[in-house]
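J.: Turn this into a structure:
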Amino acid sequence: DDRLGLARARRGSCRTPPHVVGSPTLAARSRTTRSDNTGPTGRGVVDVRRRKRGAGTPVGRWVIRVLVSVLAILALGAAGFAGTIAYYGRDLPDVRTLRDLREPQTTRIVDRDGELLGELFEERRTVVPLDRIPRVLVLSVLAAEDADFYRHEGLDYLGLFRAVVMGVLHGGNFRGTSTITQQVVKNLLLDSERSLSRKIRELILARELEEEFTKDEILALYLNHINFGHGRYGVAEAARFYFDCDVSELTLAQASLLAGIPQSPTNLSPRTHPEAARVRQRYVLDQLEEKREEYWPDLSLDEIHAAREAPIELAPWPESNAVAPEVMEIARAALQDLVGEEEARTGGYVVHTSSARARQEGARDALRVGLRAWDERHHMRPPFESFHPRHAGDRPPTLETVEELRVGGTYDAVVLSRDDATGLITLDLSGHEAT
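T.: Predicted coordinates for the structure are as follows:
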């Protein structure tokens, strides 16, 4: 009995005190302890529950949602891109037409020694093959416009992204760095409108151009059609206009000066803005030096430094009038009879004549001297005044009329008309019409 009472007393002392019966912490511990002591079956139940709680956590659900959202965005982006290409790719010009491109070229009339007498042109352009263009000019153009030309596939993606961002920020005025391929597309296939739609079409055509043409063919198109100011297009006309030399004879100093002009032909012309042109030339030479090791290691630093210090001597302004307009007209008419009017004006021919430039100049100088001497003897200073019959309110001057013209007399006259085909001029000679 005493042992039974002791056992009961010990069991009673192990009971949970009444004031902690409802404690959740102790209850949880109690359940955990019991579960841990239930053997393999109990532990299995606990492991399964823990795995279910891990798979259904908020973090897991968030990761799945992000992945689904990213996939949806990518799918929508791909669909939008395909739709944009399909929409703006309609009715685009065919880049293959550039293989048969016939841009207007300058026709030159020369004397029997090859000296220039005059030019016929719609646009001053002379197309030359790439192998006639010196390497110093090619490198200068690449340094100024697109050093990665031979590495990219027609598009500068970083520059494109920058242009789109700036265009959005500036209300649709999309401007930015364009590759040489893009410039060829813009100049020969599209217009110069600054809009998002034109930019997208330009990008599509640039990729098509890269697939259809080689890099050398694209570069040749660019060099023969770029604007160098003063109505000169292409490197051949630029070399002749600024330095009076063939394009193959350009030095690095001259080439780097020309390469800087196309960015702004009006404001960077060495004839009208020599200081601005010189600053731009130094930029081109700096780019050549900075990128030399990576892009054109065969170009020496000594050549670049020498070009930077070399003085620039421009050729005199070319004569605006032909030396022998009569010979020019005969040559033009003969060429037109051979090839037709349109081809004669834009074909880029060289017409050789039997005339001698030096003799033509001498004859004209002698004629001027004789006319001035005659003028001084007769005290004449014609013309006294001019008028334009086509202008409203413009009337011919009033002349003193005479009843009869006498041989050897001197009279005032008004030019009424002229006929270039027949070479006749109609005059009002003191009230008498004469030709």
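
J.: residues contacting Trp296?
T.: Residues near Trp296 by Cβ atoms under 8 Å, 6 or more residues apart in numbering: 139, 288. Every residue, glycine included, has its C-beta placed from N, CA and C.

J.: Number the residues from 12 up from this point.
T.: With 12 as the first residue, the last one maps to Trp307.

J.: Against Leu150, how distant is it?
T.: Plainly put, Trp307 is 5 Å away from Leu150 if you go by Cβ to Cβ, to the nearest Å.

J.: Common neighbours of those two, please.
T.: Leu299.

J.: next structured bit after whichever strand or helix holds Ile75?
T.: Assigned by DSSP states H and E, Ile75 falls within helix 69-99. On the C-terminal side of helix 69-99, the closest following helix or strand by DSSP H and E is strand 118-121.

J.: Need the contact partners of that following strand.
T.: Counting by Cβ under 8 Å, 6+ apart, residues outside strand 118-121 touching it are 127-132, 333, 338-339, 342-343, 346, 355-356, 358-364.

J.: Among the residues you listed, name the buried ones.
T.: Restricting these to buried positions leaves 127-129, 131-132, 333, 338-339, 342-343, 346, 355-356, 358-360, 362, 364, with burial counted as 16 or more other Cβ atoms under 10 Å.

J.: Just those residues: which are in helices?
T.: Mapping these onto helices (DSSP state H) picks out 338-339, 342-343, 346, 355-356.

J.: count of neighbours near Pro327?
T.: Using other Cβ atoms under 10 Å, Pro327 has 6 other residues around it.

J.: quick one, phi/psi of the closest residue in space to it that isn't next to it in sequence?
T.: In space, and not counting its chain neighbours, Pro327 is closest to Asp255: 7.8 Å by Cβ to Cβ, 6 or more residues apart in numbering. When read as degrees, to the nearest 10, the backbone of Asp255 gives phi 50, psi 50.

J.: give me every residue that touches Glu223.
T.: 106-107 are the contacts of Glu223 under Cβ under 8 Å, 6+ apart.

J.: measure it to Arg107 for me?
T.: 6 Å.

J.: what does Leu166 give?
T.: 20 Å.

J.: Please apply the same query to Val152.
T.: Counting by Cβ to Cβ, the gap from Val152 to Arg107 is 25 Å.

J.: How about Asp431?
T.: 42 Å.

J.: and if you look at Glu222?
T.: 11 Å.

J.: Confirm that Pro308 sits in a helix.
T.: No: assignment of Pro308 by DSSP: H, G, I helix; E, B strand; the rest coil gives coil, placing it outside any helix.

J.: For it, grab the count of nearby residues.
T.: Considering only other Cβ under 10 Å, Pro308 is surrounded by 8 other residues.

J.: Likewise for the one 10 residues further on?
T.: Residues within reach of Ala318, counting by other Cβ under 10 Å, total 22.

J.: One more: Ser189?
T.: 22.

J.: I figured it was touching Val195, is that so?
T.: No: counting by Cβ atoms under 8 Å, Ser189 stays clear of Val195, with 9.6 Å between them.

J.: circling back to that earlier point, any idea which of the ones in helices among the buried ones among the contacts of strand 118-121 is least confident?
T.: Lowest pLDDT within those is found at Arg356 (82).

J.: thought that residue was touching Gln116?
T.: No: the pair Arg356 / Gln116 is not scored as a contact, 9.9 Å apart, by Cβ under 8 Å.

J.: intersection of neighbour lists for the two?
T.: Phe132.

J.: How many neighbouring residues does the residue nearest to Val413 when sequence neighbours are not counted have?
T.: Distance criterion Cβ to Cβ, 6+ apart; nearest residue to Val413, sequence neighbours excluded, is Ser441 at 4.8 Å. When counting by other Cβ under 10 Å, one arrives at 19 neighbours for Ser441.
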